[in-house]
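Peer 1: Prediction below, plus the sequence it came from.
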Amino acid sequence: MNTATLTPGLMAVRPDADAPPVKETEMAAAPAPQTQAPAPATTEPSVSLGERFGNFIRAVLPPLLGFAFVIGVWALVAMSSSDFPSPAKTLDAAIVLFSDPFYSNGPNDQGIGWNILSSLKRVAIGFGVAALVGIPLGFIIGRFAFMNSMLEPIISILRPVSPLAWLPIGLMVFKAADPASTWTIFICSIWPMILNTAQGVQRVPQDYLNVARVLNLSEFKIITKILFPSVLPYMLTGIRLSIGTAWLVIVAAEMLTGGVGIGFWVWDEWNNLKVEHIIIAIFVIGIVGLLLEQFLLLIARRFSYGNT
């Protein structure tokens with residue numbers, strides 16, 4: 001007969017003395033608790049050489065076809081016009097031109113390298129001053145409604161004005177062609193930076209500013225800790241648009257003012273009836289503008305808070 005002792009919340013059962021003992025082999029046969037084996041590490045499938053070659057062809061072939069189409073149309077135009085240089089003639093002129101890009105035979109006869117550097121110098125000065133003025137002004141306009149209401153009509157009137165319309169003002173004020181060109185770069189570069197920076201400030205969530213007000217943060221800390229990280233993508237977009245506009249305008253400004261520069265060089269080559277040099281200058285202007293834009297895109301990706 002089984003006997004049991006009861007304790008509060010627990011029953012201990014004492015086995016019968018007559019019950020047969022459990023053999024060790026039967027105890028060993030009992031299944032042991034199983035532990036879950038670790039999942040094998042996943043490895044990315046290796047890309048074969050053929051797939052890599054196919055991806056390379058798909059990335060390179062469309063641009064090559066585009067350039068081939070342009071060169072083909074160019075060759076057809078050159079065949080129908082004796083004055084228009086062919087791609088082969090332009091290539092030969094480019095080889096001669098870039099064999100010594102930094103020669104100097106006087107102020108009005110310098111290599112294409114010096115002309116490019118002179119234009120980049122003017123763009124850098126005008127663009128830099130525009131950034132120093134436009135970005136803080138954009139913060140002020142976006143941060144304070146009174147300043148926005150005061151300056152918005154002025155910006156709306158002046159922004160659509162052609163940059164070259166400001167060139168005579170620069171010539172009258174500075175009495176020289178070089179600072180007048182830099183002034184033109186400044187006035188055309190400042191608007192995208194002002195507008196994009198102000199838009200970024202206005203799109204900062206109000207909750208962030210409310211928290212800053214509760215914490216009693218100073219205006220300097222609000223700008224550096226809250227506004228600047230949020231506005232940075234908008235600000236970099238404005239800078240990228242400005243540099244493209246600046247490089248576009250400097251060519252036209254130098255055509256009118258003269259001196260050393262890629263714009264003046266284009267006009268001077270036209271006067272010398274060297275059309276192949278003008279075509280070379282068009283490609284050079286486009287490549288330099290593309291490099292400037294890609295450089296700023298690289299900076300934008302590097303400092304984007306969303307990619308960190």
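Peer 2: Sure thing, it's come through.
Peer 1: For the rest of this, base every contact and every neighbour count on C-alpha atoms.
Peer 2: Will do.
Peer 1: Mind checking what helix or strand follows the helix or strand hosting Val266 in sequence?
Peer 2: Counting by DSSP states H and E, the element that carries Val266 is helix 262-271. Downstream of helix 262-271, the next assigned helix or strand under DSSP H and E is helix 275-302.
Peer 1: could you check the angle helix 262-271 makes with that next one?
Peer 2: 160 degrees (axes from the mean of the first three to the mean of the last three C-alpha atoms, to 10 degrees).
Peer 1: show me the contacts for Asn196.
Peer 2: Gly138, Tyr234, Met235, Thr237, Gly238 (C-alpha atoms under 8 Å, 6 or more residues apart in numbering).
Peer 1: Can you tell me the closest non-neighbouring residue to the fourth one?
Peer 2: Counting by C-alpha to C-alpha, 6 or more residues apart in numbering, Thr237 lies nearest to Asn196, which is 7.1 Å off, once chain neighbours are set aside.
Peer 1: Look up how far Gly238 lies from the one you found.
Peer 2: The gap separating Asn196 from Gly238 is 5 Å, by C-alpha to C-alpha, to the nearest Å.
Peer 1: Backbone torsions only: list them for Arg203.
Peer 2: In terms of degrees, to the nearest 10, the main-chain angles of Arg203 are phi -90, psi 0.
Peer 1: likewise Gly258?
Peer 2: With angles defined as degrees, to the nearest 10, Gly258 shows backbone torsions of phi 80, psi -170.
Peer 1: correct me, but it touches Phe264?
Peer 2: Yes - in this structure Gly258 lies within contact range of Phe264 using C-alpha atoms under 8 Å: 5.2 Å.
Peer 1: These two: which has the busier surroundings?
Peer 2: Phe264 (23 against 18; other C-alpha atoms under 10 Å).
Peer 1: Skipping its backbone neighbours, what lies nearest that one in space?
Peer 2: Met255 (4.6 Å).
Peer 1: The helix or strand hosting the one you found versus helix 275-302: what angle between them?
Peer 2: Under the criterion of DSSP H and E, Met255 resides in helix 228-257. For helix 228-257 against helix 275-302, the angle by the same axes, to 10 degrees is 170 degrees.
Peer 1: quick revisit: got a PyMOL select line for the buried ones in the contacts of Asn196?
Peer 2: Remark: buried members of the contacts of Asn196, expressed as a PyMOL selection using 16 or more other C-alpha atoms under 10 Å:
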select buried, resi 138+234+235+237+238
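Peer 1: Among the contacts of Asn196, which one lies nearest to Gly200?
Peer 2: Tyr234 (5.4 Å; C-alpha to C-alpha).
Peer 1: That closest one and Leu195 touch, don't they?
Peer 2: No - if you go by C-alpha under 8 Å, Tyr234 and Leu195 don't touch, sitting 9.2 Å apart.
Peer 1: what's the helix holding Val266 in contact with?
Peer 2: Residues contacting helix 262-271 (C-alpha under 8 Å, 6+ apart): 112, 115-116, 118-119, 250-258, 275, 277-278, 281, 285.
Peer 1: how does it look with 7 Å?
Peer 2: With contacts defined as C-alpha atoms under 7 Å, 6 or more residues apart in numbering, helix 262-271 is touched by Asn115, Ile116, Ser119, Ile250, Val251, Ala252, Glu254, Met255, Gly258, His277, Ile278, Ala281.
Peer 1: What residues sit buried inside that helix?
Peer 2: Buried residues in helix 262-271 (16+ other C-alpha under 10 Å): Ile262, Gly263, Phe264, Trp265, Val266, Trp267, Asp268.
Peer 1: Mind telling me the two of those residues farthest from one another?
Peer 2: Farthest pair in these, by C-alpha to C-alpha: Ile262 and Asp268, 9.7 Å.
Peer 1: Residue ranges in the stretch 1-150 of the chain under the pLDDT threshold?
Peer 2: Along the stretch 1-150 of the chain, segments meeting pLDDT under 70 span 1-47.
Peer 1: As a check, name the ranges of all helices in it.
Peer 2: 24-29, 49-80, 87-99, 112-143, 145-158 (DSSP state H, counting those that start in this stretch).
Peer 1: Relative to Gly170, how far out is Glu293?
Peer 2: For Glu293 relative to Gly170 (C-alpha to C-alpha), the value is 27 Å.
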